[in-house]
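Asker: heads up, no residue letters with this:
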């Protein structure tokens, strides 16, 4: 009996602690950010979803670092002729095109359908006789494009190129524009997106409710009954059933077998497009939300905001260059660090920074308020690293150099540096430096004025010597 | 013994789950919204409080849907000569007058007492000899008025009409203006409001602390000692005791036996008042907070913003029509849906919408991000339905038609529709529609261009035929 | 057996409640404010940290009232020649200088080093030959100064006077500028601040994790490895080790043995400085963030915003007087209450108020929404009292009078009063007062018009008579 009792006791304790655990997990799901971070991880996607027309990969937004930043992250690989079904999210998002070409559209209720085919075609436009339509603005996508989309605005994308169109997306669930909780939600207007074949990459952590691992989505037409749909679209019930996509197993990216015929203006040739295609007619003042610019390309090196020919460059997209970001309270920077070059240790004053490596690899250290290195390691292409607000970070490119985009949770993310020409240490009097670090005035002067560069540091002679046994040529 | 033990075990589990439950409840009380909603309910008030001069009914702000929206809701029925005692709340509120007439005042420290009786009365105004007073602005209330009041501003209301004055109030506890937690709090300047006779309508849900069910309120003078009150009002202790209303059992609405004599400008006659009484001298620019317009009537059909003579109309009050809403970050719409008419399926992009049915009934479906119908049923006069941000909703009026007000948690709530002339589907290219729903281009064109109306849809021929066995006459 | 079982039962319950307790604590650590306050305490610091150059004292930010307000509070006593090491915080802060003189600097990346010594010194400035430096703006500190510093901006302070420099600091962790959780974090750029000798004043409350009691801080250079530091400062590893301050046991305030030589403009003499030294060239419009005014003195009685020669005065610093507060969303008021005078009962409409007594003592009552006195007692010099938003408060100075500063969580904190010339009761019609308190119109008139003063009330005749057995002379 005693034994029975004891095992029952254990059972009870188990139950009790299990419920306590669930309690904690619930709390996190309920979304208040908590930033008691002692360990940050470079993360790969934790789950993937195969669709007919491509693959979607999701990072674990329940991990501590994503929870602290209040964001979620996913990547779509859209195959040729793949169509990402129309969808809106509960939070504003920034997308970055890693590779490929395509077109996309954002639909805003009340905005006019400004792309239209004429009823008659006096000038004999191609296909105009049999192809009649009118729809809202369509824009082109290509590598290096940043696209900003507001919470609640439905959008779609289509790969009209010859290679995969790959897009990474950050969704800022803790943004003021989201009045729901911090979980990511995607409301599809079609398809059966949750029917895609889903797989967990990693072994799943123990949780009371494994469903929580996933970003939630579905087709909102599913929830409306067939009769109602028939009524609001004034169609027969068979068509209404198709709107609900009941037996659709294509997932969230589908293949347009015969391609997609839409109305769009002729493209510039690549060289023209690259040079002057994007900024015409936009001055940030004359826009309404219907004609607002939602896209900006950051790939062109001549667009750099910070540039050191020996070390690297940074191109930023913020509310000054893309005014819609003032509403989204997000910004983005594209960084390039040359072989063995470093980025000055710095911290973001007013934003979290979510970094995605687009090429190469980088050694990174991140330090918290206790002076602990919460991350010290290598981050490779395709990984995501969260750098929380105020945490200090330093990066050093590997032998192949490193390129990345960083998504920032402020319309004008600002950083302070610890060394270099515009650093905090430069702003200190020499005597403060000397007393703070218990070094002589001369040493303090050397430390303070050592690096003449701003943000990107070329490899120093000593480190270069260490690496290559010789002196680095300077450009 | 074994049996005893097992029952003890059950007891333990009960206790354990009870505490777990309380944990959850605590969390909710602590106010972070959580929106993992799988079921929304059309709600009636959960408790009522009888006062001398009327009845106050409270909706359960601890229910999941109210918690997600971060709001609370109550309704005052003020009898003839009833005075709602002066009170301020911890959050901004919007009130809507369902029925009756009255007056109200909002007191803002530092604003002048601009309503004054002359010391001498050269022109022999009525009662001016014996009635001397000066106080802040008083305004009139009548059916269809929307009143906006900031957090912390004390206000009172009085029924000077012949029938009950009925007012519904939404308090936005998750508004930035509230720096306390998300629980509703009302600070009365008089009376003993908590002494009213309170009853729970519904069977109370099991909770560790039943007090949590209630909106908290009391008279702040209670907490100040008699001597202090005597000092700050320079009065004797007997009067000070009366300020504390110690033995007052009248509740929060009291009867002014001999009516209420106040200084107020003559009213327009009804017809004039309705036509031009309200907007004079207000242009949204020349106001200070002391003269800010706080009231707007939405009942007049000629004021509609969206109108379909065969289906219904919508009148909105937002920061463009009532500038103080820019500070409150709230808005309101009054909707009227005619017999059997429908409202296009839509979702709010930037707000929760809390709907109160003022007349008739409506069949409503609400869909979440998983494509689940979280509500599918009828909502009747006097019920409240929470429609969370981004959740899709479709409404169909019953045989008597339906009228409602919806309170929105944004100064300019915006929605997107799924069908109709300005819908997301209209913005899509026909080929995207065809591929998304696996239908032919012809079907896609029909779906896309089917409904020529914007938001209010008259019953279609087929549905009308279904209902009436005949064709509907169109106006 | 039954007995054993029962005691096991007790054990289980104990475990269960312990875990429930921990649950609660976890929650608090995770930082969502919760304001179900039934008891507020006048608080002394709960821990202190001895450094070489002074003492830092911390209030318990985990206490219910601080958690509700979302702020933390600490006090530095910096000895002569003491240097507070460069540090930035995760939240905006307001500091108030209680005593002494000093200098301080705030470093903002990208702002120019505008304080510079000439390379040649044609006019023979003192020390210019051997002393060459350039650094960012330095400002002076003296008693009565309010200093506003943004989240993430590093700053330092130095006592160049003859007595201790004492500064109290409020850090607004629930401010929008902080995207981390609500725990206070300080990122030092030097030293080994956590190595100071720390002591808990009070008996520690039972908590699962006692570390939580403390404000977290450390030197961010600790987290960077020596090689990286050598690289980014282009220095040898020995110097890099010094930057990490590995063996530094001086704490967070160090002594500059030979004083601190910095570039700064000559001071005004005290009387000039007091009269016109501070506002030159600042009009709130021509500033950039680099030249923004960050300091304002509130000690001069001639600067009062509200003044009663018989009772007291209030001087406010808000976004109109110190424009940077518009970004910080903080303000401050300095109050002086003469012997036995009272402050009208009032509540803050849009802010919490955190009060620090700088001299004397005061009897204070604070009332919550239930009409409960959550505080009723004396607060002495050096104590902190949190007055939550909307809670009513009344103050009466003791025999020595009382001076205080109150830190407010809004750029323009506003209050309403309950009695006096601009009070809510003055705004009410006499008949509303009479009916609300069940008193005659004549009594209502007396109550309403009793106090002709605005905010500061001189002792009334009756109370003075009570105290002194005689009549008070009026000034």
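Answerer: Arrived safely. On a predicted model such as this, the values are computed, not experimentally measured, just so you know.
Asker: drop to CA atoms for contacts and neighbour counts, all remaining ones
Answerer: Fine.
Asker: what's near enough to touch the residue lying closest to residue A:449 once chain neighbours are set aside?
Answerer: Once flanking residues are discounted, residue A:449 sits nearest to residue A:426: 7.0 Å by Cα to Cα, 6 or more residues apart in numbering or on different chains. Residues near residue A:426 by Cα atoms under 8 Å, 6 or more residues apart in numbering or on different chains: A:419-420, A:448-449, C:113, C:135-136.
Asker: how does it look with 10 Å?
Answerer: Listed by Cα atoms under 10 Å, 6 or more residues apart in numbering or on different chains, the contact set of residue A:426 reads A:417-420, A:433, A:445, A:447-451, C:107-109, C:112-113, C:133-136.
Asker: what about it, which SS state?
Answerer: Taken by DSSP: H, G, I helix; E, B strand; the rest coil, the conformation at residue A:426 corresponds to helix.
Asker: And the pLDDT at it?
Answerer: Per-residue pLDDT puts residue A:426 at 92.
Asker: Just want to check the distance between the residue most central in space within chain A and chain C.
Answerer: Nearest to the mean C-alpha position of chain A, by Cα atoms, centre = their mean, lies residue A:170 at 2.9 Å. Per Cα to the nearest Cα, to the nearest Å, residue A:170 is found 17 Å from chain C.
Asker: re the thing from before, select from the contacts of residue A:426 every entry located in helices.
Answerer: Within these, residues falling in helices by DSSP state H are A:433, A:445, A:447-449.
Asker: Leaving out sequence neighbours, find the closest residue to residue A:100.
Answerer: residue A:165 (4.2 Å).
Asker: Wait, that neighbour touches residue A:99, no?
Answerer: Yes. With contact defined as Cα atoms under 10 Å, residue A:165 counts as touching residue A:99 (5.5 Å).
Asker: any shared contact partners between these two?
Answerer: The contact lists of residue A:165 and residue A:99 share A:77, A:141-143, where a contact means Cα under 10 Å, 6+ apart.
Asker: any chance of these in CSV, with distance to residue B:38, secondary structure and pLDDT too?
Answerer: As requested, the shared contacts of residue A:165 and residue A:99 are exported to CSV (distance: Cα to Cα, whole Å; DSSP: H, G, I helix; E, B strand; the rest coil; pLDDT from 0 to 100):
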residue, distance to residue B:38, secondary structure, pLDDT
A:77, 31, strand, 98
A:141, 37, strand, 95
A:142, 39, strand, 95
A:143, 40, coil, 96
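Asker: Quick check on those residues: which are buried?
Answerer: The neighbour-count test (16 or more other Cα atoms under 10 Å in any protein chain shown) marks A:77, A:141-143 as buried among those.
Asker: contacts with chain C among those, please.
Answerer: Subset of those in contact with chain C: empty, counting by Cα under 10 Å from any Cα of the partner chain.
Asker: Next, format the residues you listed as CSV and append distance to residue B:61.
Answerer: Formatted as CSV, those follow (distance: Cα to Cα, whole Å):
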residue, distance to residue B:61
A:77, 44
A:141, 46
A:142, 48
A:143, 49
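Asker: model confidence over stretch A:379-389, on average?
Answerer: Averaging pLDDT along stretch A:379-389 gives 97.
Asker: That one: end-to-end distance?
Answerer: 19 Å (Cα to Cα, to the nearest Å).
Asker: Then stretch A:402-416?
Answerer: Stretch A:402-416 has an end-to-end distance of 22 Å (Cα to Cα).
Asker: Any buried residues in that stretch, and which?
Answerer: So stretch A:402-416, judged by 16+ other Cα under 10 Å, has buried residues A:402-413, A:415-416.
Asker: related to what we said a few turns ago, buried members of the ones in helices among the contacts of residue A:426 into PyMOL, please.
Answerer: A single PyMOL command selects the buried members of those (16+ other Cα under 10 Å):
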select buried, chain A and resi 433+445+447+448+449
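Asker: ok, the ones in helices among the contacts of residue A:426 vs chain B, which is closest?
Answerer: The shortest gap between chain B and any of those belongs to residue A:433, at 40.4 Å (Cα to the nearest Cα).
Asker: which ones are touching that closest one?
Answerer: Counting by Cα under 10 Å, 6+ apart, residue A:433 touches A:425-426, A:439-441, A:443-445, A:447-448, C:85-86, C:189-190, C:243.
Asker: repeat that for 6 Å
Answerer: Listed by Cα atoms under 6 Å, 6 or more residues apart in numbering or on different chains, the contact partners of residue A:433 are residue A:444.
Asker: packing partners for the longest strand anywhere in chain A?
Answerer: The residue-count maximum for a strand in chain A (DSSP state E) belongs to strand A:392-408. Using 3 or more Cα pairs under 6 Å, 6 or more residues apart in numbering or on different chains; DSSP states H and E, the elements in contact with strand A:392-408 are strand A:331-337, strand A:342-348, strand A:353-367.
Asker: What lies in contact with whichever helix or strand comes after the last one?
Answerer: Think strand A:353-367. Sequence-wise, the next helix or strand downstream of strand A:353-367 (DSSP states H and E) is strand A:373-380. Residues from elsewhere that reach strand A:373-380 (Cα under 6 Å, 6+ apart): A:38-40, A:361-367, C:223.
Asker: with those in mind, which one is nearest to chain B?
Answerer: Using Cα to the nearest Cα, residue A:38 comes nearest to chain B of the contacts of strand A:373-380, at 24.6 Å.
Asker: quick one: contacts for that closest one?
Answerer: By Cα under 6 Å, 6+ apart, the contact list for residue A:38 reads residue A:374.
Asker: do residue A:451 as well
Answerer: residue A:420.
Asker: Now with 8 Å, please.
Answerer: Contact partners of residue A:451, counting by Cα under 8 Å, 6+ apart, are A:419-421, A:457, C:232-234.
Asker: same check, this time on residue A:110
Answerer: Going by Cα under 8 Å, 6+ apart, residue A:110 touches B:422-423.
Asker: From chain C, how far out is it?
Answerer: 32 Å.
Asker: Low-confidence regions, the stretch 251-400 of chain A specifically.
Answerer: Across the stretch 251-400 of chain A, the ranges flagged by pLDDT under 70 are A:267-287.
Asker: Show me what from it comes close to chain C.
Answerer: For the stretch 251-400 of chain A, the residues in contact with chain C (Cα under 8 Å from any Cα of the partner chain) are A:342, A:344-345, A:348-352, A:365-373, A:388-390, A:392.
Asker: The residue nearest to residue A:348 when sequence neighbours are not counted: what's it in contact with?
Answerer: Excluding the flanking residues, the one nearest residue A:348 by Cα to Cα, 6+ apart is residue A:415, at 4.2 Å. By Cα under 8 Å, 6+ apart, the contact set of residue A:415 is A:346-350, C:109.
Asker: go with 6 Å
Answerer: Applying Cα under 6 Å, 6+ apart to residue A:415 gives the contacts A:347-349.
Asker: can you check residue A:410 too?
Answerer: Contacts for residue A:410 (Cα under 6 Å, 6+ apart) come out as A:329-331, A:351.
Asker: try 7 Å
Answerer: Applying Cα atoms under 7 Å, 6 or more residues apart in numbering or on different chains, we find residue A:410 in contact with A:329-331, A:350-351.
Asker: what would the residues you listed look like in a markdown table with distance to residue C:159 and neighbour count?
Answerer: As requested, the contacts of residue A:410 are exported to a markdown table (distance: Cα to Cα, whole Å; neighbours: other Cα atoms under 10 Å in any protein chain shown):
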| residue | distance to residue C:159 | neighbour count |
| --- | --- | --- |
| A:329 | 40 | 22 |
| A:330 | 41 | 28 |
| A:331 | 41 | 26 |
| A:350 | 30 | 26 |
| A:351 | 33 | 28 |
